[in-house]
Every structure is written in structure tokens, then in C-alpha cells.
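[1] no FASTA, just this:
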């Protein structure tokens, strides 16, 4: 063996002889081979082992089939019709229609609708991100009305995600060649011919029966506004206060969650007798689709509106929309004083101008009313002597010329009511009595007689021609001067809308003036923020998307939190939920069966008020057959009330006692106890139940309130 050559030594000598070049070459070859080895190792693992959806994608003629372990979907590449089988229930979307896609020609500015299925180029291919598996559609080659080609490409995906196999969808577009997406209705609307109820976040939530006998449109639901041309869109409470809707069909249910809601809407139709037609609608952002849009369909083999709301609650928690009241109290301890409290409103000055639609020509003496700050302070002392210990006083009509006048330039406080000195007296009285002192603020309305008014800071519409499109001028009557939209709906007369990015500097300016005079309010109630949608501004000097406008208004709410302590808004919707403590009263929707969808998601995050008042300014909050305060009990809500009525005091006592018990608790369940929906019950996380009988107009709380 002495003469044998050790093979290891032999290879060492060979490598040494070849030199460093050989070592580098061998290492390079090994590194180049690693991806192949890795791919082989991954392919050797079952998809479920590395977390991928267990979904197969196949094609049979024009039909593409997505088959999961729980759900399956079929897409017809010719009609773009989609059918989903979830458990024993089939959910079908209608095929392509004449108004699927509105295209804007960049050269001419013309807009026209086309069918998605009319694209001359349609390709479908498997789509697999590793976390979602399905198909990708690439569509292009549409024709203008004059038959010339449009250079626009859409990319659409449908894919199952997660253990429950939710069907996620995305929309994107290549708009770099002169044409852009102005509106896209995809996925197409649900075929609701066999749906029992459509679940809508209209106001605080309704179930709309398939065969509801009257023609219905959420934005025009009130018969006083049958000609309002406003678009159904996100962040208008009348359309959707939360970015989801759903359907009940027998024991099953399904829902759409819109994950990019800022420029979203929904397709809508409900003729007399139904059925309801509803599906996603994607709106332009400053004239283009712009960014990718996302949403998902969620299916429940057994479920109802409560299950849908709880699925959305999980989404709200994951995305930061849901911020618990306990956290808000930790940030601002004053918030705890709102629990079980009562809000009352006092107005200093109202001074309606003749050009306002609210001006009373037959009773001109009613156009000017005044309650001095000192008189309001005296009334509050009376409330204290009557045993009202916890009160949130919201002062309206405090600006120089009164309620809804000359915004955003409100200083000095109304001289007629007592000016700075009188307002300080009122604020100091509230502090002495242990009451919270709030100001009613308004920074969207932009009055032409405001000292700082300049047209360049107003919201500009997309086009100078055509009718106004900004809500609520579309409802109350508006007119355009160039690309500015004006209305005369409120006390101050002619106004437009202030670009949201200029709001916060005005807030700081006005409160600095108050602070300088020793007036330190405890909170700010921002009118309209939670009721109307953020405005996009096409002014090239400060173009502002709806997303940017929403962010700017959120800055106002955050500033109020840090510098005052308490934050409220009108009505309240998804985007305001992280920032506000209180949302003002709303009545039930004008159709269907009211259900507490907002409370099922946000009860322990936002204190949504209900009003027991049966007359005055809150009369619109009530339905004769369903007093609003009983909805307040079902929702475990705080109240806004006129404390001068003995009957009101009895109701308020019940609402306040219940709110003290359940304010920080989740509303876990809601149910109807009879087929006619005239008896219903809410259940809170501690087991408290609230049962309302609408026939008897009674309420029972268990355990009883003390």
C-alpha cells in the first residue's frame, strides 16, 4: 500500500496545479446550479406545505376553472361571466354589459362606454403569486364610436386566497398611451334574482329584500331629492358608511370587501319589486384609474349579516380602521368623560342671508336669532342644579356673523353674543360645572364673502363644462363658474368647497386666536367630515386626490386630538373611525329593514349618538313607527338631547345608564325574534341583552339597569 496514491491528495495536487482559476470556476458553476437545486427542492414539497393555496387552474374551451378544496369558480372568457360555487350555493355575476368601461380619450377629452368583452384582444392565463392562485386577464383593442382604435390595456386578476378561499380580485391599467379609465364596473354585478336580502351599509345598515316594492336609490332615497344626480360612492353615509356590502340567500351569505375604497363606488339598480343589482365600480383618480384597485369576495356556507359584519370587523382591525375606545382614552383621558354623558347643543347667533335657500321670506324676523354667551352660561347652571352632572356642550353659531357664515374665517367670536369676553365666560362656566366645552367647526364650506376667499384655493372640477358634480350641491341646486361649483344652500349664501390641504392652517389660525384670549375648548366637532366624500381637486397648482384630501382632513382631526382632547364629526364613516370619539345621530335608512351593521363593527371604537328628540332639528332622525331612541338602546349608544323636556329626561336616563355599562364592549350579536322583524335583540360582550318590541314601543334590558 506504500505505493498507493491517496485520491484526496491526488485531487489536491491537481487543483494546486491548475491554480486559483480552477477554484473560481468550480465555485461559479456550483453557484449557478443553486437556483435549479432550490427549485427542485421547492417542487418536491406539496403546495400546502409551504403555505400556497391548494387550487388548480384548468381550461375547457372558453371556460377557465379555479378549483380549491372548499370553493370553485368558472370564468367564461367570451362573456366574462363569473360563477362561484361555495358549499352548496352558486353565486353568479352577470356577463359583460354595455357600460362596463368608460374610456377617456386623452387627445379630445371625449368619454365613451364600451363592453369589456368587446375588446379585440383578450388573453387569459394562470396566475399564481404563491399566496393567491387563479387567472389573469389582459384586455385591450377597444374601438371608439368612430371605429378608430384605443390604446388602453387592462389587467384583471381573480384568485383564491387563504384557508377560507376568499376570491380576491385586482384591477390595473396601462394608461401611458393617450387613453385612460374614467370608470370601470368589474367584477360585474351580482345576479340577485335568487338573493333574499342585500346587506347594505346605507346609513348605519339595512337589509333590502329582493322584492322591495318601491324603486330605490340610496343617494336619492329621500323623496325630497328625487333628481339628485350624485354618484353612489364611498364615504357618503347615505351610500356606504363602510366599504362592504353583501347578500343573504337561505342559510348562506357572501360579501364584497373593497380594500381600496377611496375612489370606489358601486353599480346599482333596484326597480320597483326588485331585484337589486349591485357590484363594484372603480372611479377615476384625477382623470385616470392610476393605482391598482383591490377587493375580495367572502363566502359563508352558513351565515347572515352579523357574520358579514364580523368579517369586516376583522378587516378593520387588521388595517387600522378600528381603534378601540380604550386606546383613545389612553391617548386622551378626557374621552372617558364621554361615557354615559349627554350632548346638548347651544346656538349663539343665526343670521341667514336673503340669497340662501333657507331664508324665510314670509317670516323675516326668524332669519336672525341670538342667544348671548352669558345667557347660555346661565342655562347651564340651571342644568347643574337639576342634577345633570355629565354634559357635553357643543357651541354652534359662535363665528363672527353666526352659524354657517364666512367659513373658514370665523374670528372674532360673534360680537352680538358677547365676543371674546362672553365666549370665555361660557367656556369657564363649563369648566367650573365639570362640563366638556366643544366648538362646532366647519372647514369644507368656503364662502365667497369670507375675508380670505380666493378662487384658486377652491376645489376645481375636472371639466369647466357640463353640470356640477360635487355633493351635496347636486342635491340642493348648484351652478358652475368655469370649473368651480357653487351653491346657496346654507345660511351664508354663495359658497364653494375649500381644498382640504388648506384646512389645517385655518384651524391653527382660528384656535391660536381663541387661545390668545384664554379660551381653551375641550373638543372640536367637525361638521360634514364624516358625511360627505373627500373632494378631489383638478387645479394644476395644487392637484389633490381623494386620498390626499382624506389624509388632510385626518390631519385636522389629529390636531384636534393633540391640542384639544375630544374629537367628533357628523355621521361618521370608515375613514373617520380611527380619529374620532363621537359621531352625531343618524336616522335609519329610507328603505328595507334597519340592522346595526356599524355598531357590530365599531361599537367599542366610536360612540355613535342617537337622539330621543321627536321634534325640532332632530325630527328627521325619527320614523313614526320606530322612535330613534329605541335604536339607541339596541346600539348601546350615548345620546344628544334637549334636556328641557321631562319625557326626554326619562329616556336619556335609560340611554346613559346602558351606555355606562356597555360603552367599551363589543356588540357581539343581533337577531330578529319574529319573522315580521318587529322584535329584535342585541347582545354585548358581557352578556347584556337589549330587546325591543316595535309594536309596543318597549325595551327590556337584562340584567336590569340600576
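    Yep, that arrived. Small disclaimer: the values here were computed from a predicted structure and weren't measured.

[2] quick one: contacts for the nearest residue to residue 126 once chain neighbours are set aside?
    In space, residue 126 comes closest to residue 57 once its chain neighbours are excluded; the distance is 4.5 Å by C-beta to C-beta, 6 or more residues apart in numbering. For glycine as for every other residue, the C-beta is placed from the backbone atoms N, C-alpha and C. Residue 57 sits next to 64, 65, 66, 67, 126, 127, 128, 133, 134, 135 when contact means C-beta atoms under 8 Å, 6 or more residues apart in numbering.

[3] tell me the bridge partners for the second one.
    Taking DSSP bridges, one finds residue 58, residue 74 as the beta-bridge partners of residue 65.

[4] renumber starting at 35 from here on
    Sure thing, new numbering starts at 35, so read that last one as residue 99.

[5] who are the contact partners of it?
    For residue 99, the contact set (C-beta under 8 Å, 6+ apart) comprises 91, 92, 93, 106, 107, 108.

[6] returning to what we had before: out of the contacts of residue 91, which are buried?
    Among the contacts of residue 91, the ones that count as buried by 16 or more other C-beta atoms under 10 Å are 98, 100, 160, 161, 162, 167, 168, 169.

[7] could I get those residues as TSV with distance to residue 354 and secondary structure?
    Below are the buried ones among the contacts of residue 91 laid out as TSV (distance: C-beta to C-beta, whole Å; DSSP: H, G, I helix; E, B strand; the rest coil):
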residue	distance to residue 354	secondary structure
98	35	strand
100	31	strand
160	33	strand
161	28	strand
162	29	strand
167	28	strand
168	27	strand
169	31	strand
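
[8] what's around residue 196, how many residues?
    12 (other C-beta atoms under 10 Å).

[9] any weak-confidence spans in this structure?
    The model of the chain has pLDDT under 70 over residues 35-77, 255-258, 647-658, 679-680.

[10] what ranges do the helices span in it?
    41-52, 54-78, 339-353, 359-365, 407-419, 453-467, 507-510, 537-550, 580-597, 631-636, 662-668, 680-696 (DSSP state H).

[11] identify, out of these, the most deeply packed stretch.
    helix 631-636 (a mean of 28; mean count of other C-beta atoms under 10 Å).

[12] what packs against that one?
    Judged by 3 or more C-beta pairs under 8 Å, 6 or more residues apart in numbering; DSSP states H and E, the packing partners of helix 631-636 are helix 339-353, strand 641-642, strand 701-706.

[13] which strands or helices does the longest one pack on?
    Based on contacts counted as 3+ C-beta pairs under 8 Å, 6+ apart, the elements that helix 339-353 packs against are strand 231-234, strand 278-283, strand 286-292, strand 327-334, helix 631-636, strand 701-706.

[14] next up, the contacts around the residue lying closest to residue 344 once chain neighbours are set aside.
    Sequence neighbours aside, residue 634 is the residue nearest to residue 344 in space, at 6.7 Å (criterion: C-beta to C-beta, 6+ apart). Neighbouring residues of residue 634 by C-beta under 8 Å, 6+ apart: 239, 340, 343, 344, 347, 701, 704.

[15] and residue 634, how far from residue 694?
    21 Å (C-beta to C-beta, to the nearest Å).

[16] residue 661 now?
    21 Å.

[17] now do residue 344
    Residue 344 is 25 Å from residue 694, by C-beta to C-beta.

[18] what's the answer for residue 291, then?
    Taken as C-beta to C-beta, the span from residue 291 to residue 694 is 34 Å.

[19] before we move on, what about residue 96?
    62 Å.

[20] same check, this time on residue 458
    32 Å.

[21] same question, residue 360
    15 Å.

[22] how about residues contacting stretch 466-474?
    With C-beta under 8 Å, 6+ apart, stretch 466-474 has contacts from 368, 371-372, 375, 379, 414-415, 418, 423-432, 460-461, 464-465, 555-559, 561, 600, 602.
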